[in-house]
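Engineer: Build me a model:
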Amino acid sequence: MSKEFACSIKSIRFDENYHPADSTRLTTNFANLARGEHRQENLRKTLRMINNRFNALAHWDNPTADRYSVEVDIISANMDIEGNGDTFPVIETLKTTIVDHKDNKRIDGMIGNSFSSYVRDYDFSVVLLEHFDKNPASAPPENFGDLHGKLFQYLLNSEAYQANFDKKPVICLSVSTSKTYYRTANQHPVLGVEYKQDEYSLTDEYFQKMGLTVRYFMPPNSAAPLAFYFAGDLLSDYNDLELISAISTMETFQKIYRPEIYNANSSAGDVYQPSLEYQDYSLTQIVYDREERSQMAVKQGKFTQEQFIKPYQDVLEQWAASYSVEKSAAKKHAA
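Structural biologist: Now for the predicted structure:
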């Protein structure tokens, strides 16, 4: 029988007074922005960009483009492996709330948006690097991402998650610089033009093990498509304002730390290969340390190895071998 892990959810507001918690991955885009002498100005400008983009997309009954503002909360999901009160921060995402100033009401936005995971750092910055050092021309290990995928789905089926959120998360990330994307005839009023690619990236396959499918859309007046990872039906499970909250939040972060792609001065064509070598782009007025971000991923992967993988390796391996997503979901419904 699969062992039960205790899950808990914590929330902290992402605003101009935000300071990263000790448990927050410092590579996470919102944590990176909230450090250094420009931290408060960075945060203020980021939130203004999110609000402006939201109002531009939610333009109906919004003649002065200021009807809405977006509140962002950082959601930390923690897991207690041994039931002794010691928790490890497994996943961090964002939850948006839309404030409608015209009707004076608050509306649930998207849960998910960004995706931060120490275990993913371990997989990509420790496991994968060591594997390719020994086998340079090989494919990733066959079980690559299995544990992480099961931990993520276990969290979604947990009482802690379901008590806090009515819907499953949608994760919105950058497209891969190693793949080519092709514009289709499909167009959604909010998500924009759909793109497809011939083969999935390693990130796409990694998220597939988390139970998430991917589609790529370039919203109106965007420079490049975004990758949307979801369970269920992206177009029918979420309303327009929820989708806009994800686009406005994540496109803002992408413009800050991947300006070559998302703040380019021309939009993606019918056949598009993203590149960080592209020169014709504009910079935001927000200070972001991309080099530090890449260095920290390795450090945090090794931290995860020492603090989570090694201490609980036997327990995690036995649990992963017996854990079934279907059985876990059925057990929750029967309870």
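
Engineer: what are the ranges of the helices in the protein?
Structural biologist: 29-33, 39-57, 118-122, 128-134, 146-156, 159-164, 202-208, 234-237, 240-257, 259-262, 290-304, 313-322, 325-334 (DSSP state H).

Engineer: Dump those helices into CSV; add mean pLDDT, mean neighbour count and distance to Asp86 as well.
Structural biologist: Using the backbone N, CA and C atoms, a C-beta is placed for each residue, glycine as well. Conversion of those to CSV gives the following (pLDDT from 0 to 100; neighbours: other CB atoms under 10 Å; distance: least, CB to CB, whole Å):
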stretch, mean pLDDT, mean neighbour count, distance to Asp86
helix 29-33, 59, 23, 22
helix 39-57, 91, 19, 30
helix 118-122, 92, 23, 15
helix 128-134, 91, 12, 27
helix 146-156, 96, 21, 16
helix 159-164, 96, 13, 16
helix 202-208, 95, 19, 27
helix 234-237, 96, 14, 35
helix 240-257, 95, 24, 31
helix 259-262, 96, 21, 39
helix 290-304, 76, 16, 15
helix 313-322, 93, 13, 13
helix 325-334, 55, 12, 23
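
Engineer: Ok, which of those comes nearest Gly109?
Structural biologist: Across the helices of the chain, Gly109 has its closest neighbour in helix 240-257 (3.3 Å, CB to CB).

Engineer: From the chain's centroid, how far away is the closest one?
Structural biologist: Relative to its chain's centre, helix 240-257 lies at 11 Å (CA atoms, centre = their mean, to the nearest Å).

Engineer: Check which helices and strands it sits against.
Structural biologist: Applying 3 or more CB pairs under 8 Å, 6 or more residues apart in numbering; DSSP states H and E, one finds that helix 240-257 makes contact with helix 29-33, helix 39-57, strand 68-80, strand 88-100, strand 105-116, strand 170-174, strand 226-230, helix 259-262.

Engineer: Distance to Val193 added to these, as CSV?
Structural biologist: As requested, these are arranged in CSV below (distance: least, CB to CB, whole Å):
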stretch, distance to Val193
helix 29-33, 25
helix 39-57, 14
strand 68-80, 24
strand 88-100, 23
strand 105-116, 20
strand 170-174, 16
strand 226-230, 11
helix 259-262, 15
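
Engineer: Just tell me which of the helices of the chain ends up closest to Asp108.
Structural biologist: Closest among the helices of the chain, using CB to CB: helix 240-257, at 7.2 Å.

Engineer: ok, back up a step: will you turn the helices of the chain into TSV that also has distance to Pro220?
Structural biologist: Formatted as TSV, those follow (distance: least, CB to CB, whole Å):
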stretch	distance to Pro220
helix 29-33	23
helix 39-57	7
helix 118-122	31
helix 128-134	36
helix 146-156	31
helix 159-164	32
helix 202-208	24
helix 234-237	16
helix 240-257	9
helix 259-262	14
helix 290-304	27
helix 313-322	42
helix 325-334	36
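
Engineer: coming back round to it: mind checking the helices and strands packed on helix 240-257 for the one nearest to Glu16?
Structural biologist: Glu16 lies closest to helix 39-57 among those, at 4.5 Å (CB to CB).

Engineer: where's Asp166 relative to Met110, distance?
Structural biologist: 12 Å (CB to CB, to the nearest Å).

Engineer: Between the two, tell me which one has more neighbours.
Structural biologist: Comparing Asp166 with Met110 by neighbour count (other CB atoms under 10 Å), the higher total belongs to Met110, at 27 against 7.

Engineer: these two touch, right, that one and Glu242?
Structural biologist: Yes. Assessed by CB atoms under 8 Å, Met110 is found in contact with Glu242 at 4.9 Å.

Engineer: Could you report the pLDDT at the residue lying closest to Asn186 once chain neighbours are set aside?
Structural biologist: Take Asn186 and drop its neighbours on the chain: the residue closest to it by CB to CB, 6 or more residues apart in numbering is Glu194, 4.1 Å away. Note for Glu194: predicted pLDDT of 98.

Engineer: Glu194 reaches Tyr182, doesn't it?
Structural biologist: No. Between Glu194 and Tyr182 there is no contact under CB under 8 Å: 9.8 Å.

Engineer: ok, these two, which is more surrounded?
Structural biologist: More crowded of Glu194 and Tyr182, by other CB under 10 Å: Glu194, with 19 against 14.

Engineer: Report the residue spans of the stretch 1-150 of the chain with pLDDT below the cut-off.
Structural biologist: Within the stretch 1-150 of the chain, the stretches with pLDDT under 70 are 1-2, 20-38.

Engineer: do that again at 90, thanks
Structural biologist: 1-4, 12-44, 83-85, 89, 116, 118, 133-139, 142 (pLDDT under 90).

Engineer: tell me the contacts of Pro141?
Structural biologist: Contacts for Pro141 (CB atoms under 8 Å, 6 or more residues apart in numbering) come out as 127, 131.

Engineer: actually Thr284, sorry about that
Structural biologist: 45, 49, 255-256, 259, 263.

Engineer: again with Asn263
Structural biologist: Counting by CB under 8 Å, 6+ apart, Asn263 touches 223, 255, 281-284.

Engineer: Just give me the closest of those residues to Gln307.
Structural biologist: Lys255 (33.3 Å).
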